[in-house]
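# What follows is a predicted structure for the sequence shown.
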Amino acid sequence: QVQLVESGGGLVQAGGSLRLSCAASGRTFSNYAIHWFRQAPGKEREFVARINWNDVSTDYADSVKGRFSISRGNAKNMENTVYLQMNNLKPEDTAVYYCAAQPIGSTRIGSWGQGTQVTVSS
């Protein structure tokens, strides 16, 4: 299984921006779809965004469309990194954000990261 490490979380005011990173340890993301999920206190984990590493297709939850952007690293030394650019953040975006790797062709998530906290103050 691919090992995942998230980074980039923090505290930001409403309307601000953050960029989260999800790095694979020991391999690239080729042949994986990489997802971002989030979980707020007292709520279930929910889907945020997804990118297919091979064809770079993307998908977003309605609640973040137009504000969040998922992308893959392009430079040679970033072939194992996926980014989640979050703009115009709202207090309701406060959650622990997790990246997850799903092998292409599988219906299941294979690996989860440890999560990174995002807190948006009003």
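Here it is on my side, so go on. Small disclaimer: the values here were computed from a predicted structure and weren't measured.
# Backbone torsions only: list them for residue 91.
phi -50, psi -30 (degrees, to the nearest 10).
# Against residue 11, how distant is it?
Plainly put, residue 91 is 12 Å away from residue 11 if you go by CB to CB, to the nearest Å. Every residue, glycine included, has its C-beta placed from N, CA and C.
# shared neighbours of these two, which are they?
Common neighbours of residue 91 and residue 11 (criterion: CB atoms under 8 Å, 6 or more residues apart in numbering): 120, 121.
# Need the residue closest to the centroid of this protein.
Centroid-nearest residue in the chain, with CA atoms, centre = their mean: residue 36, separated by 3.2 Å.
# Strand partners (parallel or antiparallel) of the helix or strand hosting that residue?
Assigned by DSSP states H and E, residue 36 falls within strand 32-39. Applying DSSP bridges to the sheet, strand 32-39 is found paired with strand 46-52 (antiparallel), strand 95-103 (antiparallel).
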